[in-house]
Structures are given as C-alpha cells and as structure tokens.
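>>> Let's see this in three dimensions:
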Amino acid sequence: MQRIVSAPTSSPPAGAARPRAALGLVVVLIAALFTVLAPTPARAADQLLSQGRPATASSTENAGTPASAAVDGDTGTRWSSAFSDPQWIRVDLGSVQQLSRVSLNWEAAYATAFQIQTSTDATTWTTVHSTTTATGGTQSITISGSGRYVRLYGTARGTPYGYSLWEFQVYGPGGTTPPDDFWGSTTDIPPASNAVEVKILNRTNGKYPDSQVYWSFNGQTHSIAEQPYLDMPANSAGRMYFYLGSPNSPYYDFIEFTVGNNVFNGNTTRVDAFGLKLAMRLHTKDGYDAEVGENRQTFAEDRATTFQRFTDAVPDQFKVLARTQAPYRIIAPGSDPSFRAGGANANYFTAYAQSVGVNAATSDIFGCAASLAGNPDMCAALNRHVATLPASQQSDPAQFYKAAPANYYAKFWHDNAINHLAYGFPYDDVAGQSSFISHANPQWLLVAVGW
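Residues are numbered from 1 along each chain as shown. Have a look, this model is predicted:
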C-alpha cells in the first residue's frame, strides 16, 4: 500500500518541499516508493478489482473464516457461512466500476443456487447472473453492468454445511468515465513526451481568473493562463503545489505522487489540512479512467460555506480546527494545540486506546506516529472507532465513525469526497479508503483547483 504522510507546516514558498511527519513513517514511505515505481503489466480489460478490498458477509462460521479471507488472494484461506439459507458475501470496490467477470473458487461447501448482484449503495441490488444448477469447483462467470458493490447471494446449499469460498474475485476494465462535464474537453491535451501530461483546471467558480491560478513543481511556477500544461517527467516522492491570487499566496494546497517511466501513483491529501478544493482524474492508454478528491457539490459551493459545513458537522472538540488558521486552512486535529500535550483535548483518545492495549498520545493517534508508525491497522481502527470490533468488521466502511472518540475531521472529508475516498490521516489507505490511485501506462492527469 502507498502510505502518504506529511507534517503540518506554515505556507511554504512556491515549489519548496516540506518535511515528513515522523521518521518511522518516512521509512515506510521510502519502502513503498521502491515498490510502486516498478511498472506492472496493464491490461486493456479484465483487471482484478476485488483483491484486498473491504468484504462483509451475512454470517461467518467462526473467527477463522471471515469474509476478508475470500478476497485476500490466498487460496489457503476461506470464508465460510453459517449452516442456513440464504447467506451472502459482498465486496466493496471503492468506486463504481464497469464489470466483466466473477470468479468463484468454492471449497467443498458450495452453492447449487445463487445470484451475482451489483449495487452502487449496498442497498438496492441488480441481479446480473442467476443459477439453480451450480456444481461447485471453480467457476468463471461472465457478467456486464457496473457497481461499487458486488455480492454473491446464495439461496440453496449443495451440502449440509454453509457456503464456503476460497476466493471471490471480481474483474473489470478498472475505471469509469466521469458522468458530467466537470473536467471539460480532453481532446486538446497534447501527448506527453515524458511520463504523463498534466493539465490544470480553474474551478474557482469565477473567484479567480486563470492568470491568478498558479501551479508550482520542480522549480517551475506558472499561472494556468501562461501554461496550463506540464509534461511531467518520472520522479519520486513529488508534490505539485497550487496557489490562488499570487505565487506565494496563503491560499495554497498540493497533490502528492510518485511517477515511474510507465506508472503513475498519486493522491489528493487532507493529512495535513484542507487548503484548497482539489480533485484529480487519471486517464491511461489502456482506457483506465479514475477520479479522486472533493466531490462536485463541495466544488460548487463558496469557501465560507465549506468552512461552516465543517463546523456544523463535527463535534465541539473539532470545531477549533476551522478557526486556528482561518480563513486559509482547516487543519488536521493532530496539529492543533488543543489535541496535544497540555491541551484541553489531549486525552481525547486515551481511554479508548488503552481499552485495546495501546498507550499513545492523542496527537500520535491522529498522526499515526510514535508506536503506531509501524501499526497501520491499529492506527486506522482507532481513528475510525472500530478497534474494539471483531477483525472481520474493522474493514467495513459502514462501521466507521459511528461513535466517539473518532477522527471526525477525516470523516468530513470522506463524506465530501468522490466515492467517499479521502486521505484524512496517514494510514487512511487501510481497507482501501484513501484517495490513492495507481496505474500503468498513464496518458494524462487533470487537476481541478477550486475555491
């Protein structure tokens, strides 16, 4: 997994790099970079979309057969249900995807009758395959349609036992084209001579002209009126900064990325703070097309409205985050003095963390630092308030942020992000919930900058 970790600082000069949060997390990031910079073969279609994604089920036979075992890529682990009908298992692909195939690798306890169903919200389901004569073994089922959630719904067992799958695999082309004109025309984007062609878009709703929307990368700083494109070379651990009004404006933000000769890995991030509304869309030569960042509704509203909605949405302890550096930034809770040693909320996470055997400062929990730097699953579970749940439920987004203490700053950015994917804290990629996107053969990247 790509770990994006950064430390809150004051506004840097255009093009300047910023320090990372903690040495332990830097080590994790560097190790990740060596992995993600190696291009992986890309296919025009039929990519495995489900492996490692959050999975849930109607029941499990025991703690050793969780739903997650059916999507872990290990044919030695399995999901097994209770011994009754009906039962189901579903996987969350993270965003709406075009679908082409489902592969089922049954253990001896198989289904004779089942349906493959898809959904965009895990509530309303569409059946894309149905059978009453299945015989188990390994099945490859061609399907069509789209969905974020894919479910196997079993209605008749082939044995007296439950339903049991070694692997539940969902395939598709790996991306969907955005449904509106937010990104504008892409036919005028020139071909890249280097790794990927980047185009910057002004989505400030008339607040700033193109001559006052700036980008800065690797020593270059330009307004998009001067130069809306960047032919980006391969680079590691890079950041591209954006400024409104002037090249060193306090209204700024950035995206993070590593770019290999034939692969793009990057994300929008709220790990430090919210500075500007940002979204990015990656398109690759094999047809993959994915977008992350703030959603359309957030881009459409005025900045003051976003600040007020944040204040209205979070508990009292978090309201200060929209005031400490207002009107420029909404900062992450680990950066605010109230959540640090000696502050009014310094013990916000203490009792909850100790209930699962973790002795860590509240600011270190928000920042996944110190003892949590090498424990991403626990840090994510604490931030999402799922640490006391069974392991099989800790990767289920439906369980996240349902009670205090929790990282309500991160929750807000998930609630207001495309497909609810955001980097609200350093290990927000656990269970595939971050805004990280990666693909080989990149063609172009669009970055929208909003007010």
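>>> tell me the helices in the chain, going along the chain?
23-36, 296-300, 303-313, 350-355, 362-367, 376-384, 408-415 (DSSP state H).
>>> Show me what counts as buried in the fourth one.
Applying a neighbour-count criterion of 16 or more other CB atoms under 10 Å, the buried positions in helix 350-355 are Thr350, Tyr352, Ala353. Every C-beta, even on glycine, is put in place using the N, C-alpha and C of the backbone.
>>> rewinding a little: any chance of the helices of the chain in CSV with distance to Tyr161 and mean pLDDT as columns?
Shown next, in CSV, are the helices of the chain (distance: least, CB to CB, whole Å; pLDDT from 0 to 100):
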stretch, distance to Tyr161, mean pLDDT
helix 23-36, 39, 37
helix 296-300, 47, 97
helix 303-313, 46, 98
helix 350-355, 36, 98
helix 362-367, 41, 98
helix 376-384, 30, 98
helix 408-415, 38, 98
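>>> Of those, which is nearest Leu152?
Distance to Leu152, taken as CB to CB, is lowest for helix 376-384 among these, at 25.7 Å.
>>> could I have that closest one exported to CSV, CA atoms only?
This file holds the C-alpha atoms of helix 376-384, laid out as CSV (Å, rounded to 0.1, in the frame of the first residue of the first chain):
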residue,chain,number,x,y,z
PRO,A,376,-1.3,0.8,10.3
ASP,A,377,-4.2,-1.4,11.0
MET,A,378,-4.5,-0.4,14.6
CYS,A,379,-4.0,3.3,13.9
ALA,A,380,-6.7,3.2,11.3
ALA,A,381,-9.0,1.3,13.6
LEU,A,382,-8.5,3.9,16.4
ASN,A,383,-9.2,6.8,14.1
ARG,A,384,-12.3,5.1,12.7
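>>> ok so, going back, of the buried residues of helix 350-355, closest to Gly238?
The shortest gap between Gly238 and any of these belongs to Ala353, at 33.9 Å (CB to CB).
>>> ok, the closest one touching Ile365?
Yes: counting by CB atoms under 8 Å, Ala353 touches Ile365, with 6.2 Å between them.
>>> shared neighbours, the two?
Common contacts of Ala353 and Ile365 (CB atoms under 8 Å, 6 or more residues apart in numbering): Leu382.
>>> thinking again about what came up before, can you say which of the helices of the chain is nearest to Pro247?
Comparing the helices of the chain under CB to CB, the one sitting nearest is helix 303-313, at 19.7 Å.
>>> Which one of the helices of the chain lies nearest to Ala195?
Shortest distance between Ala195 and the helices of the chain, using CB to CB, is found for helix 23-36: 13.4 Å.
>>> out of the helices of the chain, deepest packed?
helix 362-367 (a mean of 26; mean count of other CB atoms under 10 Å).
>>> which strands and helices sit next to it?
helix 376-384 (3 or more CB pairs under 8 Å, 6 or more residues apart in numbering; DSSP states H and E).
>>> Show me how far the helix it packs on is from its chain's centre.
15 Å (CA atoms, centre = their mean, to the nearest Å).
>>> so what does that helix touch, helix or strand wise?
Going by 3+ CB pairs under 8 Å, 6+ apart, helix 376-384 lies up against helix 362-367.
>>> Check what pLDDT the closest residue to Glu291 other than its chain neighbours gets.
Residue nearest to Glu291 in three dimensions, not counting chain neighbours: Arg281, with 4.2 Å by CB to CB, 6 or more residues apart in numbering. Here, the pLDDT recorded for Arg281 equals 96.
>>> so Arg281 makes contact with Leu446?
Yes: assessed by CB under 8 Å, Arg281 is found in contact with Leu446 at 4.4 Å.
>>> Specify the residue ranges that define each domain of the protein.
The chain is divided into the following domains under automatic domain parsing: 1-43+177-451, 47-172.
>>> ok, of those domains, where does mean pLDDT dip lowest?
In terms of average pLDDT, domain 1-43+177-451 trails the rest of the domains of the chain, at a mean of 87.
>>> between Arg281 and Leu446, which one's more packed in?
Arg281 (24 against 21; other CB atoms under 10 Å).
>>> so how far is Ile330 from Asp74?
Here Asp74 is placed at a distance of 41 Å from Ile330 (CB to CB, to the nearest Å).
>>> Which residue of the two possesses the greater neighbour count?
The neighbour comparison of Asp74 against Ile330 (other CB under 10 Å) goes to Ile330, with 24 against 12.
>>> Name the nearest residue to the more buried one, ignoring sequence neighbours.
Closest to Ile330 by CB to CB, 6+ apart is Phe274, at 4.3 Å.
>>> what residues are up against that neighbour?
The contact partners of Phe274, by CB under 8 Å, 6+ apart, come to Asp253, Thr306, Phe310, Arg329, Ile330, Trp413.
>>> for Met240, same thing?
Each residue near Met240 by CB under 8 Å, 6+ apart is listed here: Val198, Trp215, Ser216, Phe217, Leu230, Phe254, Ile255, Phe257, Val447.
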